[in-house]
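In: mind looking at a prediction? Sequence and model below.
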Amino acid sequence: MIETPKVDWLALSPTLALLAAAGVALLVSVIGPAWFRRAFAAFVVFAGFITAGVLAGFLFDRTPDAQPLLNESMARDRWAALAAIVLAGAGALSVLVSWGETRRDHAGEYYALLAAAGAGMVFFVGASNLMTLFLGLEWFSLALYILCALDTHRETSLEAGLKYLIVGSFGSGILLFGSALVYGATGELGFAEIAAAGVTDDSLLLAGLAMIVAGLGFKASAAPFHMWTPDVYQGAPTSVTAFMSAATKVAALVLTLRVLTVAFPEQEHLWTVAVAVIAIVSLAVGNIAALVQRDVKRLLAYSSVSHAGFMLIAVAANSELGGRALLYYLIPYSAMSIGSFAVVAARERELGAPVTLDNLGGFLWERPFLGASMWVFLLGLMGMPLTGGLVGKFYVFSAAYESGWWWLVVAGVIGTAISLYYYLRVLLAMWTRPEPTAFRPAVAGGSPPRDPLLASAVFASLAVTVGSFIFVQPLIDLARDAAASLPF
Amino acid sequence: MQGPDVTWYLVVSALLFSIGTLGVLLRRSPLIVLLSLEIMLNSANLALISFSRLHGDHDGQIFALAVMAVAASEVVVGLGLIVAVARRKLILDVDRFRVLRG
């Protein structure tokens, strides 16, 4: 009998559920009858995301102490489990948002790729070895490259896909070379073993660390590694943008904090400063560039760059409170991000054209539910009361202050103040009715079809955005349990 | 037989990485950019394998094998995209991809 390594199937089950959903959806979208493909794939992938979320919740409950998996290449802990729950929720909402998108072909494959990307992300957040880190990163990135370029009849979609592929692969190439250097300096690939090797001031190790931080910065779309973000967010299908803006950020930031705290505790004095500088640059670039945007997707893309800055403040704090703040902040942020892109998608389908500040006029009155939800999401992204955005920012700032980064707090407050301007521009654009022109022909075909699935996704995002303000304590407790599995 | 010292392999690997990086940043044809990305990944492979020799364990070699598989899938996606762009009769020049900007 061949001796096989012990595999903890429960720990891998969220990834496997999504992978199975992706496989089934892909198979049926190739061999199934044409009318059946889209509905079946969407249903299977939605069920896969829900199953993965439930399994991750089960895993969270059953894992009070962190355990290594598969020869210490993966970690089974609450940090990864809570991130997996957020990722599964983001994926399920994205399926609902995607349903109304009419696509000439590849409708089934779209959902299969969405599940594959989700599986890669859930795998990625549990990585505790440089090899699984790289494989997980490429796994979800490759699926996202295809998703961005899936609307091959639109020139902008192809352009977005190719740009994301080139810049994303460039980032992962840098990350890979950095991993090779760290391996060379320590002789180890596992995060915990790298720290245990006790190499402190080796130039190879420091160069490798810098390259790993840069590579993860590309994925988290933190400035100065953000240049792909506005183009890709604008060009990709809007439902893909919704998924990417929430899920990629969750995966990249959660793993950034893990790899830095577990593998490089000795170099803490260096990477905290590096991350703090990246955070400030992201806040500055994201907020200032967003001021001049007229395309709403582009504006939200720059807003997501600035939010990467906020979350990196929590990483720079390098404390248990910082980890808690990061995980808490990611929950309302994901909901607000998916919700706002869902509203943009609804408007885009209605107009058949890209949504700009000009054609958003009177949206609040035309579509009261979607318009009011968009108001709440944008107020949440600003950090206004009654939304989780306020609590998230408050926690991030208190974590930074506790770790002595008072100038990061100042930068964050200035960034928030600048961001008020462009968020208010969108709010105002939706409020103001367009000037009645002399001749307004009736819209052919009447009002646009209702999309109850998109509306339910927006409602769920709204519930999370407001609910994370009302039920702060339970969520903070969950985030505390999760952050306790990292060594601070 | 004694080969060259491990340092030389690392020098070649660093050189390849720089060539790849410069290729991505400077060249305009997406095909050449894709090739340069492959050179970047393979320079890391060379570094991983030489470090694996240096430390006398196999982790680096296994990693390099996995990277080869990833690099192949990346080329598949990249070439597929380039074919899709070429089918739309767009000019294959990364400087001309500027519908999305600002």
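Out: Arrived safely. Numbers count the residues shown, from 1 in each chain, chains lettered A, B, ... in the order given.

In: for the stretch 101-250 of chain A, what lies in contact range of chain B?
Out: By CB under 8 Å from any CB of the partner chain, the residues of the stretch 101-250 of chain A that approach chain B are A:130-131, A:134-135, A:138, A:142, A:145-146, A:149, A:152, A:155-156, A:158-163, A:165-166, A:169-170, A:173-174, A:176-177, A:179-181, A:183-184, A:187-189, A:230-231, A:234-235. C-beta: built from backbone N, CA, C; applies to glycine.

In: swap the cut-off to 7 Å and go again
Out: Selection of the stretch 101-250 of chain A residues close to chain B by CB under 7 Å from any CB of the partner chain yields A:131, A:135, A:138, A:142, A:145-146, A:149, A:152, A:155-156, A:158-163, A:165-166, A:169-170, A:173, A:176-177, A:180, A:183-184, A:187, A:189, A:231, A:234-235.

In: quick one: buried ones out of those?
Out: Neighbour counting by 16 or more other CB atoms under 10 Å in any protein chain shown classes A:131, A:135, A:138, A:142, A:145-146, A:149, A:152, A:155-156, A:158-163, A:165-166, A:169-170, A:173, A:176-177, A:180, A:183-184, A:187, A:189, A:231, A:234-235 among those as buried.

In: any idea what sits nearest the most centrally placed residue in chain B, other than its immediate chain neighbours?
Out: Residue closest to the average C-alpha location in chain B (CA atoms, centre = their mean): B:Glu38, at 2.2 Å. Of all residues not flanking B:Glu38 in the chain, B:Ala71 sits nearest, at 5.8 Å (CB to CB, 6 or more residues apart in numbering or on different chains).

In: shaky segments in the chain?
Out: No chain was given, so I picked chain A. Low-confidence segments of chain A (pLDDT under 70): A:104, A:436-449.

In: meant chain B actually
Out: For chain B, applying pLDDT under 70 flags the ranges B:1-2, B:90-92, B:94-96, B:98-100, B:102.

In: at which residues are the helices of the stretch 151-300 of chain A located?
Out: Using DSSP state H, counting those that start in this stretch, the helices of the stretch 151-300 of chain A run over A:155-186, A:191-196, A:203-220, A:228-235, A:238-243, A:249-263, A:268-290, A:296-317.

In: and those helices: which comes nearest B:His58?
Out: Nearest to B:His58 among those is helix A:155-186 (11.9 Å), distances taken as CB to CB.

In: what does chain B have sitting close to chain A?
Out: Residues of chain B lying near chain A (CB under 7 Å from any CB): B:17, B:20, B:24, B:30, B:33, B:37, B:40-41, B:43-44, B:47-48, B:51, B:55, B:57, B:59-60, B:63, B:66-67, B:70, B:73-74, B:77-78, B:81, B:84-85, B:88, B:90, B:97, B:99-102.

In: which of these are buried?
Out: Buried members of the residues of chain B next to chain A, scored by 16+ other CB under 10 Å, are B:17, B:20, B:24, B:30, B:33, B:37, B:40-41, B:43-44, B:47-48, B:51, B:55, B:59-60, B:63, B:66-67, B:70, B:74, B:77-78, B:81, B:84-85, B:90, B:97, B:100.

In: that older thread, tilt between the strand or helix carrying the residue nearest to B:Glu38 and helix A:155-186?
Out: According to DSSP states H and E, B:Ala71 maps onto helix B:59-87. With axes from the mean of the first three to the mean of the last three CA atoms, to 10 degrees defining the directions, helix B:59-87 sits at 170 degrees from helix A:155-186.

In: and for A:Val413, the neighbour number?
Out: A count of nearby residues for A:Val413, using other CB atoms under 10 Å in any protein chain shown, gives 12.

In: quick check: phi and psi at the spatially closest residue to it that is not a sequence neighbour.
Out: The shortest distance from A:Val413 to any non-neighbouring residue, by CB to CB, 6+ apart, is to A:Phe397 (7.6 Å). Dihedral angles phi and psi of A:Phe397 (degrees, to the nearest 10) take the values phi -70, psi -40.

In: who are the contact partners of the nearest residue to A:Trp228 once chain neighbours are set aside?
Out: Of all residues beyond its chain neighbours, the one nearest A:Trp228 is A:Val167 (4.0 Å), with distances taken as CB to CB, 6+ apart. For A:Val167, the contact set (CB atoms under 7 Å, 6 or more residues apart in numbering or on different chains) comprises A:218, A:227-228.

In: one more pass at 10 Å, please.
Out: A:218, A:225-229, A:231-232, B:24 (CB atoms under 10 Å, 6 or more residues apart in numbering or on different chains).

In: gap between it and A:Leu312?
Out: The gap separating A:Val167 from A:Leu312 is 19 Å, by CB to CB, to the nearest Å.
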